[in-house]
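Participant: Here you go, sequence then predicted model.
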Amino acid sequence: MRCIVLGSGSKGNATLVEAGQTRILIDNGFSGKELLARLHLAGIDPPSLSAVLITHEHNDHIGGVGVLARRLNLPVYANVATHRAAEAKVRQIPQRQEFNTGESFVIGDLHIHAFSVGHDTADPVGFTLTDGLHSFGYCTDTGSITRLIRYSLSSCQALVLEANHDVPMLRAGPYPLPLQQRVLSLHGHLANSDALQLAVELAAGQLRKLVFAHLSEVNNHPQLLLQEIARRKDELARLDIGLACQHCLGPVLELGKP
C-alpha cells in the first residue's frame with residue numbers, strides 16, 4: 001500500500017493512495033493540466049486511476065475534480081451534502097457516487113471509511129483506507145481533534161494530517177480579525193501544536209509514518225513546525241515524519257516495506 005502527496009496547501013490539495021490494482025485520488029484542487037503533470041512526475045499513468053474521493057467542497061480541494069473526472073471518465077465519491085454543495089464548481093461528472101458519513105464502502109482493493117471532521121462546509125470528512133493488512137488515514141481541514149477523529153485514526157500505520165498554522169504567527173499576521181477567528185474556531189483549521197499532540201498520542205499506538213500537510217503559506221512556516229517537532233522528538237521518536245508542500249511532490253508513504 002502506498003500514498004503519494006501530490007501537493008498540499010491553500011492553493012491546491014491532492015493525494016494518491018494505491019493498493020493492488022486500485023488507485024484513488026483524494027481531492028483535486030489543481031487544474032487538470034497541473035494534476036496530470038504531477039501524476040506523470042510521480043510515475044502514475046492517469047488512466048490507471050480508479051476514482052476520486054472528495055473530503056469537502058472548498059475550491060482548494062475540488063477545483064480540478066470535474067475536469068479530471070470528465071477527461072478520464074472517473075467516478076467521483078462524496079457524501080450527499082458535499083455533492084450538492086460542489087455542483088456549481090464540479091459541474092457535470094460522468095459517474096456520481098454517494099456514501100454516508102460514518103459508514104464504510106469498497107472501491108476495488110480498498111475498504112474506505114468516512115468520518116466526520118470539524119470544518120465550515122456542508123458535511124466535511126476525513127478518510128481511513130485499508131487493504132486488509134495496512135491502514136492509511138487522511139485528516140485535513142478540521143478545527144479541532146475530536147474523540148471520533150482520535151478513534152478513527154487509532155488503527156492507522158500511516159497518516160496525512162493537517163498542521164495549518166502557528167498560532168502566534170497567525171495572530172501577528174495580515175489576516176483581519178474575523179478571518180483569524182474563523183481559522184482558530186472549532187470549524188477552522190488545525191494548529192501545529194494540536195497536530196503534534198495528536199501525533200504523540202497516535203505514536204504510542206500503531207502509527208509509524210506521518211506527513212504534516214496543508215501548511216499555510218501566510219500563517220505557518222516549515223521551520224516553525226520542524227522546531228516544534230524537535231522539541232518533542234523523544235515523544236515522536238517512533239515516527240518517520242515528513243512535510244508536504246504546495247509546489248512539489250512528496251513525501252511518499254509506503255506500507256508493507258521496511
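Facilitator: It's in.
Participant: In terms of pLDDT, where does residue 258 sit?
Facilitator: Looking at residue 258, its pLDDT reads 58.
Participant: what's the neighbour count on residue 145?
Facilitator: Neighbourhood size, residue 145 [other CB atoms under 10 Å]: 20. C-beta: built from backbone N, CA, C; applies to glycine.
Participant: how close does it get to residue 174?
Facilitator: For residue 145, the distance to residue 174 equals 27 Å [CB to CB, to the nearest Å].
Participant: What's opposite residue 126 in the beta bridge?
Facilitator: Beta-bridge partners recorded for residue 126 (DSSP bridges): residue 115.
Participant: I'd guessed it sits against residue 138; true?
Facilitator: Yes: with contacts counted by CB atoms under 8 Å, residue 126 reaches residue 138, the gap being 5.7 Å.
Participant: part of a strand, is residue 40?
Facilitator: No: under the criterion used here (DSSP: H, G, I helix; E, B strand; the rest coil), residue 40 is helix, not part of a strand.
Participant: Apart from its chain neighbours, what residue comes closest to it?
Facilitator: Once flanking residues are discounted, residue 40 sits nearest to residue 46: 7.8 Å by CB to CB, 6 or more residues apart in numbering.
Participant: give the contact list for that neighbour.
Facilitator: 36, 39, 40, 72 (CB atoms under 8 Å, 6 or more residues apart in numbering).
Participant: Return the member of those residues nearest to residue 154.
Facilitator: Checking the contacts of residue 46 against residue 154 with CB to CB, the nearest one is residue 39 at 31.2 Å.
Participant: for the closest one, what are its contacts?
Facilitator: 6, 16, 45, 46, 49.
Participant: Can you report phi and psi for the second one?
Facilitator: When quoted as degrees, to the nearest 10, the phi and psi of residue 16 stand at phi -100, psi 130.
Participant: And for residue 247, the neighbour number?
Facilitator: Neighbourhood size, residue 247 [other CB under 10 Å]: 9.
Participant: Quick one: residues contacting it.
Facilitator: Applying CB under 8 Å, 6+ apart to residue 247 gives the contacts residue 7.
Participant: Could you do residue 180 as well?
Facilitator: Residue 180 makes contacts with 170, 171, 173, as judged by CB under 8 Å, 6+ apart.
Participant: Tell me the confidence at the second one?
Facilitator: Yep, that's residue 171 we're talking about. 98.
Participant: so which strand or helix has it?
Facilitator: helix 167-172 (DSSP states H and E).
Participant: Could I get the full set of helices for the stretch 1-150 of the chain?
Facilitator: 32-41, 59-62, 65-72, 80-90, 147-153 (DSSP state H, counting those that start in this stretch).
Participant: related to what we said a few turns ago, outside of the helix holding residue 171, which residues touch it?
Facilitator: 180, 183, 184, 191, 192, 193, 216, 219, 220, 221, 224.
Participant: Quickly note the distance from residue 192 to residue 2.
Facilitator: Residue 192 sits 27 Å away from residue 2, going by CB to CB.
Participant: where exactly do the strands run in this protein?
Facilitator: 2-7, 14-19, 22-26, 51-53, 75-79, 95-99, 104-107, 110-116, 125-130, 135-139, 158-162, 209-213, 240-243, 252-254 (DSSP state E).
Participant: Return the list of helices and strands in contact with the last one.
Facilitator: Judged by 3 or more CB pairs under 8 Å, 6 or more residues apart in numbering; DSSP states H and E, the packing partners of strand 252-254 are strand 2-7, strand 209-213.
Participant: Give me the sheet partners of the last one and which way each runs.
Facilitator: Partner strands for strand 209-213, per DSSP bridges, with pairing direction: strand 158-162 (parallel), strand 240-243 (parallel).
Participant: And these: which comes nearest residue 201?
Facilitator: strand 158-162 (11.5 Å).
Participant: how about the closest one as CSV, C-alpha atoms only?
Facilitator: What follows is strand 158-162, C-alpha atoms only, in CSV (Å, rounded to 0.1, in the frame of the first residue of the first chain):
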residue,chain,number,x,y,z
ALA,A,158,0.4,5.9,8.1
LEU,A,159,-1.3,9.3,8.2
VAL,A,160,-1.6,12.6,6.3
LEU,A,161,-2.5,15.2,9.0
GLU,A,162,-3.1,18.9,8.8
